[in-house]
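Engineer: predicted structure and sequence below. I'll ask about it afterward.
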Amino acid sequence: MTLKRVYVWELPVRLTHWLLFFSILTLSATGYYIGHPFISVPSPAKDHFVMGTMRAVHLYAAIVFTLAVLARLYWLFAGNRYARFSEFIPLSLWRLRSLWRTFLYYSFIRHDPDDYPGHNALAALSYAGIFMIYLVMIATGLALYTVIASASSPFQVFDFLVPLFNGLQMARLIHHIGMWIVLIFVVAHIYFVFLSSIIEHIGTFDSIFSGYKFVPEKEAERS
Ligand code: HEM
Ligand code: HEM
């Protein structure tokens, strides 16, 4: 079988993927600490500033995270066909078929995966879900930030978000649960990336670094 090299992930897709990866690790570690301060500091605490440091790092990582999400949303409209909005919502018949085939393949019922160069339809749908969670994390994070920001801070414009989440306690709870949803996604995502890389031999793992996948010529023609 002849394989063809296809450039699937352009630089903005790869760059935002890895910026989000590192910011999510940082946000989860510092966020977990903010919710459950598990490091006890000897008294007197004047030489320590653990919670202050965690909060500052959380907010710097939140800036990276938010900018990367905005850049990726822009690329949904400006990127190549594999990065575009239409790729994430299965509306065409062949995409719906691909969704079903992938479901059967992941359930060990079907033997052959789809060799489509871009995201398979099931993965793409899960990415659409995780993009929505990213937006919820930003909105609840901004709602929580209005409490920390000074009264004259321009960030007070996001005050309107607090009643939308039914108050700060609920915003905090949603923000916290969002972290666990993202972390559960990450475990499944890494498993499926390795499954695809080991079984399909189309270069899935390497593709998020190099941008290229190797697919049978027939499938590459779809691009
Ligand atoms: C995937 C991304 C993120 C994760 C996993 C995350 C995680 C967390 C967690 C677990 C908490 C503690 C909640 C609790 O009290 O139980 C927290 C607090 C907070 N987060 Fe995030 N967060 C993320 C993104 C953001 C973003 C984008 C912003 C800002 C726009 C933000 C702003 C805040 C603020 C202001 C607090 C409260 C800090 C405080 O009380 O001092 N977070 N975050
Ligand atoms: C915080 C952790 C991670 C998150 C939230 C995450 C999320 C995502 C998302 C949303 C996409 C879709 C990319 C887009 O179109 O913009 C993606 C693709 C991808 N990710 Fe991750 N990722 C994470 C970690 C990793 C790691 C550690 C690896 C490598 C082992 C990896 C490998 C890949 C690959 C190979 C793709 C392309 C998959 C395909 O062909 O459909 N990811 N990831």
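Structural biologist: Cool, got the structure. Residues are numbered from 1 along each chain as shown. Ligands and ions are numbered 1, 2, ... in the order given.
Engineer: what parts of this structure come near ligand 2?
Structural biologist: 13, 17, 20-21, 24, 72, 83, 119, 123, 127, 130, 186, 189-190, 193, 204-205, 207-208 (Cβ under 6 Å from any ligand atom). (Glycine included, C-beta is placed from N, CA and C.)
Engineer: in PyMOL, how would I select the buried members of those residues?
Structural biologist: Filtering the residues of the chain next to ligand 2 down to the buried ones (16 or more other Cβ atoms under 10 Å) takes a single PyMOL command:
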select buried, resi 13+20+24+72+83+119+123+127+204+207+208
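Engineer: and ligand 1, which of the residues of the chain next to ligand 2 reach it?
Structural biologist: Restricting the residues of the chain next to ligand 2 to those touching ligand 1 (Cβ under 6 Å from any ligand atom) yields residue 24.
Engineer: what residues are up against residue 123?
Structural biologist: For residue 123, the contact set (Cβ atoms under 8 Å, 6 or more residues apart in numbering) comprises 102, 192.
Engineer: just the pLDDT for it.
Structural biologist: We have a pLDDT of 95 for residue 123.
Engineer: any idea how far it is from ligand 1?
Structural biologist: 19 Å (Cβ to the nearest ligand atom, to the nearest Å).
Engineer: element containing that residue?
Structural biologist: Using DSSP states H and E, residue 123 maps to helix 121-148.
Engineer: can you give me the end-to-end span of stretch 41-49?
Structural biologist: 9 Å (Cα to Cα, to the nearest Å).
Engineer: show me where the chain has its helices.
Structural biologist: For the chain, the helices defined by DSSP state H occupy 11-35, 50-78, 93-106, 121-148, 161-164, 168-200, 204-210, 217-220.
Engineer: a markdown table for these, including distance to residue 112?
Structural biologist: Below are the helices of the chain laid out as a markdown table (distance: least, Cβ to Cβ, whole Å):
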| stretch | distance to residue 112 |
| --- | --- |
| helix 11-35 | 26 |
| helix 50-78 | 30 |
| helix 93-106 | 7 |
| helix 121-148 | 15 |
| helix 161-164 | 46 |
| helix 168-200 | 9 |
| helix 204-210 | 15 |
| helix 217-220 | 12 |
